[in-house]
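K.L.:
Okay, predicted coordinates and the sequence, questions at the end:
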Amino acid sequence: MKSYRRRDILRTSAAFAATGFTLGLTGCATGVSMYPDTILLNGRFTTLDRAQPNPEAVAITDGRFSAVGDAKDILAGKGPQTKVIDLGGRRAIPGLIDSHTHVIRGGLNYNMELRWDGVPTLADAMAMLKRQADVTPPPHWVRVVGGFTEHQFAEKRLPTLDEINAAAPDTPVFILHLYDRALLNGAALRAVGYDKNTPNPPGGEIQRDGAGNPTGLLLAKPNALILYATLAKGPKLPLEQQVNSTRHFMNELNRLGITSVIDAGGGFQNYPDDYNVIEQLHAKGEMTVRIAYNLFTQKKGEEVADFTRWTNMVKPGQGDDLYRVNGAGEMLVFSAADFEDFREPRPDLDAGMEGELERVVRLLAEKQFPWRLHATYDETIDRALDVFEKVHRDTPIDKLHWFFDHAETVSDRNIDRIAALGGGIAVQHRMAFQGEYFIDRYGAKAAEATPPIKKMLAAGVPVGAGTDATRVASYNPWVSLSWLVTGKTVGGTRLYPPANRMDRVEALRLWTQSNTWFSREQGKKGRIAVGELADLAVLSADYLTVAEDEIAHLTSVLTLLGGKIVHGAGDFGAFAPKLPEITPNWSPVKLFGGYQDRANPGLQKVAAAGCGCASLCNVHGHDHARAWTNGVPVSSRSEFWGALGCGCWAV
């Protein structure tokens with residue numbers, strides 16, 4: 001590194017000093033190798049570092065970026081063991097950070113969930129369901145748990161219960177659509193024991209036929225507890241398969257360029273019991289995604305007890321750069337939870353919400369324990385801010401990095417109140433999946449700033465982006481980035497005028513550097529900059545120049561976490577680390593993969609190769625995957641389906 005230019009040495013020295021390293025004038029760091037471990041060159045680097053926006057090459061040493069600049073200078077520092085990777089002119093970006101997801105819970109179930117994320121037609125989705133039902137052994141279910149919306153399908157509808165029962169007459173099927181409904185076939189109703197004597201739970205409805213028997217449709221009215229409680233009745237994977245499932249879920253996130261997440265907890269995810277799997281992986285050095293986790297209260301009426309216990313067990317920031325405590329939430333008290341089912345009217349919160357929330361927030365403020373709070377509607381945010389301001393007068397909270405999640409309808413007034421209290425807002429692309437329902441209820445004009453991101457940024461509020469995967473929106477970050485840039489739902493409806501859309505670099509910053517505020521890791525990651533963690537994704541196509549409608553189809557072909565390659569594909573496939581075989585053998589992930597991108601026919605070939613049907617489709621024959629790789633003619637659906645109609649799902 002003696003041959004680096006003096007400015008590179010000085011920048012490196014300052015960066016390492018800030019992160020606990022010491023660097024001498026010769027370029028030798030205490031605990032840091034003399035030579036880079038890896039050099040990346042011939043890439044188009046979007047660093048998000050204004051001091052070095054367009055470098056020619058990047059060096060990585062001991063898990064951090066050690067030089068960013070001219071290729072000639074960086075290559076001069078190459079050692080005998082340095083690995084040099086030619087990126088072939090591809091776009092490289094900082095590793096993506098999801099500021100709101102449920103990866104710990106999602107990982108436990110990933111291998112036994114059939115993903116309809118990205119599937120372009122209902123016929124394709126039903127063909128997948130039928131094929132999966134044929135290979136799923138009892139007592140297991142076919143589960144389609146979130147990540148899709150009926151609006152993404154060419155048919156613009158969900159399957160009927162009759163269609164589901166025809167496709168899977170004997171294997172239990174549970175389909176969760178957003179937070180509004182679940183569809184169960186007859187076998188699933190028998191498995192959960194719902195009959196004419198089963199009462200409706202508060203805030204939920206078991207739809208019944210004329211004789212009073214459940215039809216299989218469960219509705220949130222607007223409380224989604226009936227949906228979660230029913231899903232929880234299904235079989236779980238054994239521990240060793242949960243470990244396998246979590247590893248493959250993290251690998252799927254790496255495939256999409258994600259290197260860090262903030263886990264928002266979740267119902268039926270109790271600390272510390274339900275964190276055993278991720279802690280095993282952490283102890284074994286098998287995590288490929290950095291996780292900062294929040295603690296989510298589990299039982300109404302016991303919220304203060306939960307947070308008293310947890311704040312005595314752990315401290316914010318406890319852990320390391322791979323796995324650490326982030327704070328409390330997104331559920332702080334059950335009485336403060338609003339439900340984002342836009343098919344239903346906005347729920348009114350309990351009159352006693354403020355008192356219950358104040359007790360928890362005072363406890364957290366006194367313990368200097370940051371929090372996040374789920375809040376869809378401005379009315380919820382307004383009442384919560386009354387509580388936060390009251391607590392702030394006694395115990396300042398403006399340095400805690402507390403924040404609201406979602407905030408689709410937050411008002412200008414409450415944006416200013418959040419800014420005054422030092423809070424932030426984490427936004428997610430839920431409107432990309434529910435925008436049509438919002439328009440139906442509140443009108444297109446009201447949907448134009450849901451959420452008003454540009455106003456948040458103008459007010460100086462920290463804003464970060466995420467998905468809220470996996471039970472509503474997809475975990476695919478590129479669907480979110482597409483939504484931010486285009487303002488469109490996954491069904492193609494344009495929600496936002498230009499004034500509330502992001503340019504591509506702004507949107508990328510919300511998915512990288514900006515999200516570090518929400519885990520209090522500013523300056524540690526989120527950019528390709530000297531001294532920061534070497535988390536990076538090399539993309540399948542150039543994010544900055546592809547057509548807008550192609551953004552959602554991007555993936556990573558090379559993903560690095562702390563300088564270690566955790567995913568490789570295409571030209572970089574040889575670099576891909578070996579993963580254990582997917583278990584169980586009947587896993588939908590093994591048969592179909594994860595996110596189903598019709599722009600990547602390789603995923604669909606798995607389904608076509610596994611076809612064991614006895615008859616062929618009127619249009620597609622046995623090549624059921626063909627529709628996935630073609631655009632759907634919007635002018636004539638009959639031209640797509642053919643004169644006799646498509647029967648793929650029914651074979």
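P.N.:
Everything's here; your move.
K.L.:
Under the pLDDT cut-off, which ranges of the chain? List them.
P.N.:
1-33, 598-651 (pLDDT under 70).
K.L.:
at 50 instead, please
P.N.:
1-32, 600-603, 605-607, 609-616, 618-645, 647-651 (pLDDT under 50).
K.L.:
center of it - which residue?
P.N.:
The C-alpha lying nearest the average C-alpha coordinate of the chain belongs to residue 475 (CA atoms, centre = their mean; 3.4 Å).
K.L.:
what separates the closest residue to that one other than its chain neighbours from residue 550, distance-wise?
P.N.:
Excluding its sequence neighbours, the residue lying closest to residue 475 (CB to CB, 6 or more residues apart in numbering) is residue 469, at 3.5 Å. From N, CA and C alone the C-beta is placed, and that goes for glycine too. Between residue 469 and residue 550 the computed distance is 21 Å (CB to CB, to the nearest Å).
K.L.:
Among these two, which residue is more densely surrounded?
P.N.:
residue 469 (27 against 16; other CB atoms under 10 Å).
K.L.:
you'd agree that one is up against residue 479?
P.N.:
No. The criterion here is CB atoms under 8 Å, and residue 469 misses it with residue 479 at 9.8 Å.
K.L.:
partners of the residue nearest to residue 475 in the sheet?
P.N.:
Residue 469 has these beta-bridge partners by DSSP bridges: residue 101.
K.L.:
check contacts around it.
P.N.:
Residues in contact with residue 469 (CB atoms under 8 Å, 6 or more residues apart in numbering) are 98, 101-103, 106, 146-147, 475.
K.L.:
what's the answer for residue 317, then?
P.N.:
324-325, 520.
K.L.:
which of those tops the neighbour count?
P.N.:
residue 325 leads those on contacts (other CB under 10 Å) with 21 neighbours.
K.L.:
in which helix or strand would I find that one?
P.N.:
strand 323-328 (DSSP states H and E).
K.L.:
Residues touching the helix or strand following that strand, excluding its own?
P.N.:
The element immediately downstream of strand 323-328 (helix or strand, assigned by DSSP H and E) is helix 353-366. Identification of contacts with helix 353-366 by CB under 8 Å, 6+ apart yields 297, 303-304, 307-308, 311, 327-328, 332-333, 335-336, 350, 369-371, 383-384, 386-388, 390-392, 394-397, 400.
K.L.:
of these, buried ones?
P.N.:
297, 303, 307, 311, 327-328, 332-333, 335-336, 369-371, 383-384, 387-388, 391-392, 397, 400 (16 or more other CB atoms under 10 Å).
K.L.:
So which of the residues you listed are in helices?
P.N.:
303, 307, 311, 383-384, 387-388, 391-392 (DSSP state H).
K.L.:
give the contact list for residue 151.
P.N.:
With CB under 8 Å, 6+ apart, residue 151 has these contacts: 433, 436, 489-493.
K.L.:
mind giving me CSV with the residues you listed and columns for neighbour count and distance to residue 54?
P.N.:
Shown next, in CSV, are these (neighbours: other CB atoms under 10 Å; distance: CB to CB, whole Å):
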residue, neighbour count, distance to residue 54
433, 27, 35
436, 20, 40
489, 24, 34
490, 23, 32
491, 15, 36
492, 12, 34
493, 17, 36
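K.L.:
just the strands in the stretch 401-550 of the chain please.
P.N.:
Remark: strands assigned in the stretch 401-550 of the chain by DSSP state E, counting those that start in this stretch are 403-406, 424-428, 463-466, 536-539.
K.L.:
and the longest one, what other elements does it pack with?
P.N.:
Under the contact definition 3 or more CB pairs under 8 Å, 6 or more residues apart in numbering; DSSP states H and E, strand 424-428 sits against strand 96-101, strand 403-406, helix 412-420, helix 453-458, strand 463-466.
K.L.:
Need the contact partners of the longest one.
P.N.:
Here helix 412-420 makes contact (CB under 8 Å, 6+ apart) with 378, 381-382, 385, 389, 398, 404, 410, 424-425, 452, 455-456, 459-461.
K.L.:
Now the nearest residue to residue 470 once chain neighbours are set aside: which helix or strand?
P.N.:
Nearest residue to residue 470 in three dimensions, chain neighbours excluded: residue 106, at 4.4 Å (CB to CB, 6+ apart). If you go by DSSP H and E, residue 106 is part of helix 103-109.
K.L.:
among the contacts of helix 412-420, which ones are buried?
P.N.:
378, 381, 385, 404, 410, 424-425, 452, 455-456, 459, 461.
K.L.:
what would these look like in CSV with distance to residue 569?
P.N.:
Converted to CSV, these look like this (distance: CB to CB, whole Å):
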residue, distance to residue 569
378, 43
381, 41
385, 46
404, 37
410, 39
424, 34
425, 34
452, 37
455, 39
456, 35
459, 41
461, 37
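K.L.:
circling back: and the helix holding residue 106, what does it pack against?
P.N.:
Packed next to helix 103-109, using 3+ CB pairs under 8 Å, 6+ apart, are helix 239-255, strand 258-263, helix 276-283, strand 290-295.
K.L.:
Now do the same contact list for residue 246.
P.N.:
104, 107-108, 110, 277-278, 281.
K.L.:
Stretch 450-466: how far from the chain's middle?
P.N.:
19 Å (CA atoms, centre = their mean, to the nearest Å).
K.L.:
Could you do stretch 186-203 as well?
P.N.:
31 Å.
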